[in-house]
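**Q** Need the 3D shape of this:
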Amino acid sequence: MSSPPVAPARRRQVHLVELTVMPGVRYSAVLGQLQAAAQADPEVDAAVTFHKHVRLQGGTGSRQGVRAVLDSLDDPLAVAFTVYFWNRARTLELARKVKERWPRCRIVVGGNDVTHQQHELFAQAPWVDVLVHGEGELRFRDLLRAFLAHPEGPLDDPAAAAALAGVPGISRPGPEGHPIDTADAPRVTDLDALVSPLLDPRVWSDQDLAASRMIVYETNRGCPYSCAFCYWGGATNSKVRQYSLDRIRAELDRIVTHVGQGTQLFIADANFGILPRDTEIARHLVELCARHRKRLLVMTNWAKNTNGRVVEIASILHRAGLTGAITLSAQSFDAEVLRLANRTNIRVDNYRRMQRQFRDRGIPTYTDLIWGLPGESLATHLDGVEEAVAAGGSPVVYPLLLLNNTDYTHARFRDEHALTTRRLPCDPGNTDLIADVVTGHARMDFEDWLRGMELRIPLTLFHKCLLRCTLRVLAHTTGTRTVDLISALGEHLRAGDPDPIVAYWFADYVRSWREPETFPRQALYAELGAEVIHEEVHYQAILHRVVRDPERARQHAHAAVDFLYEHLGAVPAVAARLPGRADLDRVIDLDLAAAAVFRAGIHKVAETHEFTLPGALWAILREHGDVPPADAGCPDIGSDTVSRTEALTDPGSIRGLVAVPWARVHYPFSAYALSVWHGSGRPVHDCATTARAAGRPLPAPTFQ
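**A** Numbers count the residues shown, from 1 in each chain. Coordinates of the predicted model:
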């Protein structure tokens, strides 16, 4: 008599979870790498089914997302979470709920924010079973082998503990609050030894790729720099390790084939453009998009010491319509600040040269500046903002966050430089982005820090949005720094002329940094309506109120220039150099014409405006890149240009037309407003702007 068939062992569930702050994202590079590496092991693959969850951690759907994760569990073997500073609190709370419902489930965490933080982590979240340090793919595979060998009972049983002791690069809770650490794990030197999650449809299906608004992708790992504020280089200082070009070509082919039009492709290398082969990767990506008739938005972390190769790569992507603004990563222009940060920066002369090269190619740029770096005073920070603005750049200022595993977190460094922090949202009202924000040090007290953060509103509202050309002319003709004009306009905003509500919101922006719990969400969102991106909401509301009506925009612009005229006129030597007000009003008209691009996002109505400028003023704007270059529809004025030393009322003038492209009519206000905040939107350039010397026919604007 034959024996009855043996029932196959039930495959155990393993769940991989990432809580994201990016709406519409369904793809996670980290979770895919973990699954691909683990299921490449035949033992694990035969015993486990993987389930990935990429869930939005904030907003109205966050509770449903958490509930969906919990409801999908059925006696799981393990649930693994990837942890960043922005999702740490909610991730650990979700892990606690998993452990309460399934006590036998192994809770595993890893990621930048918890690596080498075992004492703090296990004290904060004693329900976590294992912490994985650094690169997690092979560690996670080894952990699953150990869990499968000992699926029941506590992990401190001798057999289970012995199995875990053989897994390098992990920590687990130990007796009396002392974590049990294993030997350090080596970095993965041959990245191609890691199975590609993109070339295995069991990891990410075609439907998964098509459903995600963003794909995060890396062509290499490591960073050769050691910036003290950054975990990427500061904690690793590692040589760059590369995936093979054959693998990259195959992975990019699958991505471009299946993602939707307009998908964001974020190349997550620490320094894209640092390697000669990066040019070839960019060309291949352009060829793929042309072949598949796809238009993606390619974003990346550009090489820190921006070089000629970055200009070449950016030009390749820009000509194909695949990229927005290019980062010139400065963080500070002060030599002592950079020394303390272990930062080798772009030389100032090189920075200006790079700006000219990008400007000549019509490629927008933005310049990252971090406010609050040790050694930085308010005065040196303003010098840095001025350097970026004077070179034709768009400074984007971020507060300094004290991230785990960076040099700035060392007790010795904090004490030496008297660093103080506050637990704050990185952006007022955004409770999904709470971090330890540096608000004071030996050269910056809290009030100085507030003044630096406050400057961001007039910097963006006036320099980037409403009066860029006007500010350029005033700075150029009077010799006044643009950053000082912007600071003065902050005083003007506080005065409440012509709109006390704008003044109230500006004051509330500062108050929200002091007292984050006072953020007036309801009032701000009432101004903005339904289409709101939950970022820099004070700025959005102020801009929305100012530009939504053409006459109100005109009142605000002229009131601001009236204030500056009075401010500059108080100094006789400066007053003598002020341009005639009638000529300056013509520049204001150009700025106001460009502001129609914001109204297009509000009212869905196109506008067209004519303007006339003295040739001398147009030449100033052309020189600094504030108006489109000749190959964008605005030919060189040539002999019609009036010397800047001549009277500004010289008849050699420029006639122009500003029209809002049809595509902008359908562009949401919040999305475009924030593209300007981040430096990729440029109102005068983004309108169809054509110009001719007076007496020549003015062509109709062309739309691309």
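**Q** Just the pLDDT for Leu288.
**A** We have a pLDDT of 98 for Leu288.
**Q** What residues of the helix or strand harbouring it count as buried?
**A** Leu288 belongs to helix 277-292 when assigned by DSSP states H and E. Using 16 or more other C-beta atoms under 10 Å as the test for burial, helix 277-292 gives 278, 281-282, 284-286, 288-289. Where C-beta positions appear, they are placed from N, C-alpha and C, glycine not excepted.
**Q** What is the subsequent helix or strand relative to that helix?
**A** Per DSSP H and E, the first helix or strand lying C-terminal to helix 277-292 is strand 297-302.
**Q** ok and that following strand relative to helix 277-292, angle-wise?
**A** 170 degrees (axes from the mean of the first three to the mean of the last three C-alpha atoms, to 10 degrees).
**Q** which strands and helices sit next to strand 297-302?
**A** Under the contact criterion of 3 or more C-beta pairs under 8 Å, 6 or more residues apart in numbering; DSSP states H and E, strand 297-302 touches strand 264-272, helix 308-319, strand 326-331.
**Q** Name the strands paired with the shortest one and say parallel or antiparallel.
**A** Sheet pairing here is set by DSSP bridges, and for strand 326-331 it gives strand 365-371 (parallel).
**Q** Just say which of the helices and strands packed on strand 297-302 is most tucked in.
**A** For those, the largest average neighbour count (mean count of other C-beta atoms under 10 Å) is found in strand 326-331, namely a mean of 24.
**Q** Pull out the C-alpha coordinates of that strand and format them as PDB.
**A** The C-alpha coordinates for strand 326-331 follow below in PDB (Å, rounded to 0.1, in the frame of the first residue of the first chain):
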ATOM      1  CA  ILE A 326      20.100  71.900 -14.100                       C
ATOM      2  CA  THR A 327      21.500  72.100 -10.600                       C
ATOM      3  CA  LEU A 328      24.600  74.100  -9.900                       C
ATOM      4  CA  SER A 329      25.200  72.700  -6.500                       C
ATOM      5  CA  ALA A 330      27.000  75.400  -4.400                       C
ATOM      6  CA  GLN A 331      25.400  75.200  -0.900                       C
END
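**Q** ok and that strand relative to helix 308-319, angle-wise?
**A** 140 degrees.
**Q** And the contacts of strand 326-331?
**A** 227, 229, 301-302, 304, 306, 310, 314, 338, 341, 343, 345-346, 351, 354-355, 358, 363-370, 373, 384, 388, 393 (C-beta atoms under 8 Å, 6 or more residues apart in numbering).
**Q** distance of the closest residue to Tyr27 other than its chain neighbours from Arg12?
**A** Nearest non-adjacent residue to Tyr27, counting by C-beta to C-beta, 6 or more residues apart in numbering: Ser212, 3.9 Å away. Note on Ser212: its distance to Arg12, by C-beta to C-beta, to the nearest Å, is 27 Å.
**Q** and if you look at Ala488?
**A** Counting by C-beta to C-beta - Ala488 and Arg12 are separated by 66 Å.
**Q** In the protein, where is pLDDT below threshold?
**A** Within the chain, the stretches with pLDDT under 70 are 1-9, 59-61, 232-238, 305-307, 345, 630-651, 694-704.
**Q** For the top helix by length along it, list every residue counted as buried.
**A** When the chain is parsed with DSSP state H, its longest helix is helix 550-569. Going by neighbour count (16+ other C-beta under 10 Å), the buried part of helix 550-569 is 553, 556-557, 560-561, 563-565, 567-568.
**Q** what sits up against it?
**A** For helix 550-569, the external contacting residues (C-beta under 8 Å, 6+ apart) are 462, 466-467, 470, 474, 478, 480, 485, 488-489, 491-492, 495, 497-499, 502, 545-547, 574-575, 578, 581, 584-585, 588, 591-592, 595-596, 599.
**Q** Repeat that for stretch 374-382.
**A** For stretch 374-382, contacts defined as C-beta under 8 Å, 6+ apart pick out 332-334, 336-337, 339-341, 369, 371, 408, 413, 417, 419, 441-444, 448, 451-452, 455, 483-484, 487.
**Q** picking up where we left off before, between Ser212 and Arg12, who's got more neighbours?
**A** Using other C-beta atoms under 10 Å, the more surrounded residue of Ser212 and Arg12 is Ser212, with 22 against 18.
**Q** Whichever strand or helix holds Arg655 - contacts with which helices or strands?
**A** For Arg655, the element it lies in under DSSP H and E is strand 653-659. In terms of contacts (3+ C-beta pairs under 8 Å, 6+ apart), strand 653-659 is packed against helix 581-594, strand 608-614, helix 615-623, strand 688-693.
**Q** I am finished for the moment; much appreciated.
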